[in-house]
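Chemist: Test case, fold it:
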Amino acid sequence: MRKTILFLGILVAVFALYEVVTASETSETNTPAIPNLSAYDSFTTEQAKYLLFLPEKYKPAGTNRWFAILFVHGTGESGTNLWVTTVHGPTKFIEKHPDFPFILFSPECPIGQKWDDQVVLKILHEVIDRYAVDTIGSILRV
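Modeler: Numbers count the residues shown, from 1 in each chain. Sure, this is the predicted structure:
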């Protein structure tokens, strides 16, 4: 009887550990459940990919202009998996508040590199040119 209880206890511990490990592995690679969040390759530079979120009321042909937020991630999110950039930052807020009223774009810095100002500026101009961004009321804070 004691061996059966011990065996069941070990079995439960192994399954619990498996769940914790697989949950942590997949949480970094799974895409968040955010409507209107998509991955793009930059048209202006071959060096960059970025995530773009459009508000749910965004209409490409509409007359409304939208404020845009550029999110530049930290070193821990650098690499080749663009969706890792959603682990921290504004996308966490958007997951809980899907009515987020801003265009959000977030490029990914390649691992082992620093942010290239020219690449980020090219993506900024690409987003402004392709989407209804309010450039008159924009504020840049560093």
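
Chemist: got any ranges where this structure has weak pLDDT?
Modeler: 1-31, 44-46, 138-142 (pLDDT under 70).

Chemist: residue boundaries of the helices in it?
Modeler: All helices of the chain, identified by DSSP state H, fall at 2-27, 90-96, 117-130.

Chemist: can you tell me which residues contact the spatially most central residue of the chain?
Modeler: Centrality entry for the chain: nearest residue to the mean C-alpha point is residue 86, 3.1 Å, by C-alpha atoms, centre = their mean. The contact partners of residue 86, by C-beta atoms under 8 Å, 6 or more residues apart in numbering, come to 31, 32, 34, 37, 51, 92, 106. Every residue, glycine included, has its C-beta placed from N, CA and C.

Chemist: If the last one is in a bridge, with which residues?
Modeler: Beta-bridge pairing of residue 106 under DSSP bridges involves residue 51.

Chemist: domains of the chain?
Modeler: 1-30, 31-130 (automatic domain parsing).

Chemist: rewinding a little: now, which of the contacts of residue 86 sits nearest residue 78?
Modeler: residue 106 (12.3 Å; C-beta to C-beta).

Chemist: didn't the closest one look like it was pressed against residue 91?
Modeler: Yes. Counting by C-beta atoms under 8 Å, residue 106 touches residue 91, with 7.4 Å between them.

Chemist: which of the two has more neighbours?
Modeler: A direct count of neighbours by other C-beta atoms under 10 Å for residue 106 and residue 91 places residue 106 higher, at 24 against 21.

Chemist: Now that residue 111 has come up, it's in contact with residue 78, right?
Modeler: Yes. In this structure, residue 111 is within contact of residue 78 by C-beta under 8 Å, at 4.6 Å.

Chemist: more crowded one of those two?
Modeler: Each of residue 111 and residue 78 has its neighbours counted (other C-beta under 10 Å); residue 78 has more, 18 against 11.

Chemist: Help me confirm that the more buried one comes into contact with residue 107.
Modeler: No. Residue 78 lies out of contact with residue 107 (C-beta under 8 Å); the separation is 10.7 Å.

Chemist: number of nearby residues for the residue nearest to residue 42 when sequence neighbours are not counted?
Modeler: Closest residue in space to residue 42, ignoring its immediate chain neighbours: residue 48 at 4.3 Å, by C-beta to C-beta, 6 or more residues apart in numbering. Under the neighbour criterion other C-beta under 10 Å, residue 48 is assigned a count of 20.
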